[in-house]
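Engineer: Sequence and predicted structure, then a few things I'm wondering about:
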Amino acid sequence: MSTVFIIGGAGKVGRRLARILTEKGLAVHALHRQPEQAQLIRLQGAKPVSGSLTELDAAALATMMRGCDVVVFSAGAGGKGGPEMTNAIDGEGLKTAAEAAALAGISRFLLVSAFPEASRNESTSASFENYMRVKKQAEVMLAASSLDWVILRPGLLLDDKGSGYVRAGLAIPYGEVTRDNVAATLAEIIAQPRVSRVIIELTDGEVPVRKAVQQMAES
Ligand SMILES: NC(=O)c1ccc[n+]([C@@H]2O[C@H](COP(=O)([O-])OP(=O)(O)OC[C@H]3O[C@@H](n4cnc5c(N)ncnc54)[C@H](OP(=O)(O)O)[C@@H]3O)[C@@H](O)[C@H]2O)c1
């Protein structure tokens, strides 16, 4: 059984993913930066690993990851701390994490990114435009790496209960998706290693998660 290292493990997607994976019997190590989040992570059946992407270099993060089989990067500054923090977490943080995975000998790497159409036709702030630029740069960096990567681009994230039904594809119309469905899709991508080196766009839809991921493996 695989051990999965989640960066952003106390986040809304990260903690849902941790729960799904531990219920399937996988071991999960979840990076978090606030001491009080350790208990939340333990409640998902996962092992808390304390550390901040703004303080860890690739070697230190690799030491934390060593022995794991898969890395999932679901961290993000979430607009807090302005463009500098977005650059540091969503941008440099991803770069550090990918380097760390390589140093730790972990090939499989999943990135939670963003749908390019997010907030199009709306008046967006300079900070949001920077966020979209940084997410794309992170994708470019990961796609150029030699890792066994998968980039998942969810639509607008919702906290509603997940339906278990999604639409996944190389290019699909923009829409909403529950965090439950994002986490379920990430767990299924981990279960289906044939899905590799591909960018998947994801919204809620009408196909069961397992089948949707299977279709990506066969495409
Ligand atoms: N909102 C949307 O509609 C949308 C759409 C598409 C994609 N996304 C992306 O989806 C991803 C997951 O979303 P989510 O809802 O799970 O976000 P979230 O709840 O904000 O989770 C992000 C996690 O990243 C962590 N983080 C921030 N700075 C960190 C640092 N210095 N070191 C380590 N961890 C750090 C946060 O820690 P703290 O808990 O300590 O803050 C948080 O746990 C994000 O990357 C987001 O950009 C969002």
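Structural biologist: Noted; the coordinates are in hand. Remember, it's a predicted structure, so these values are computed and weren't measured experimentally.
Engineer: Please report how far the residue in the chain sticking out farthest from the centre lies from residue 202.
Structural biologist: For the chain, the largest distance from the centre (Cα atoms, centre = their mean) belongs to residue 123, which lies 26.6 Å off. Note on residue 123: its distance to residue 202, by Cβ to Cβ, to the nearest Å, is 26 Å. (C-beta placed from N, C-alpha, C; glycine too.)
Engineer: What residues does this structure have near the ligand?
Structural biologist: Selection of the chain residues close to the ligand by Cβ under 6 Å from any ligand atom yields 8, 10-14, 31, 33-34, 52-54, 74-78, 89, 112, 114, 154, 156-157, 179.
Engineer: so what's residue 205 up against?
Structural biologist: Counting by Cβ atoms under 8 Å, 6 or more residues apart in numbering, residue 205 touches 165, 166, 167, 168, 212.
Engineer: can I assume the fourth one is in contact with residue 208?
Structural biologist: So that's residue 168. No - when contacts are counted by Cβ atoms under 8 Å, residue 168 is not listed as touching residue 208 (10.8 Å).
Engineer: What are the boundaries of the helices in the chain?
Structural biologist: Using DSSP state H, the helices of the chain run over 12-23, 37-43, 58-65, 82-86, 94-103, 126-143, 179-191, 209-218.
Engineer: for the fourth one, packing partners?
Structural biologist: Contacts of helix 82-86 with other secondary structure elements, assessed using 3 or more Cβ pairs under 8 Å, 6 or more residues apart in numbering; DSSP states H and E, are made with helix 126-143.
Engineer: list the contacts for residue 132?
Structural biologist: 114, 116, 118.
Engineer: Ramachandran coordinates for whichever residue of the chain sits closest to the ligand?
Structural biologist: Closest contact between the chain and the ligand, by Cβ to the nearest ligand atom, is at residue 11 (2.2 Å). Dihedral pair for residue 11: phi -70, psi 170, per degrees, to the nearest 10.
Engineer: That one: neighbour count?
Structural biologist: Residue 11 has 21 neighbours, counted by other Cβ atoms under 10 Å.
Engineer: measure the closest residue to it other than its chain neighbours to residue 214 for me?
Structural biologist: Excluding its sequence neighbours, the residue lying closest to residue 11 (Cβ to Cβ, 6 or more residues apart in numbering) is residue 74, at 5.7 Å. Residue 74 sits 22 Å away from residue 214, going by Cβ to Cβ.
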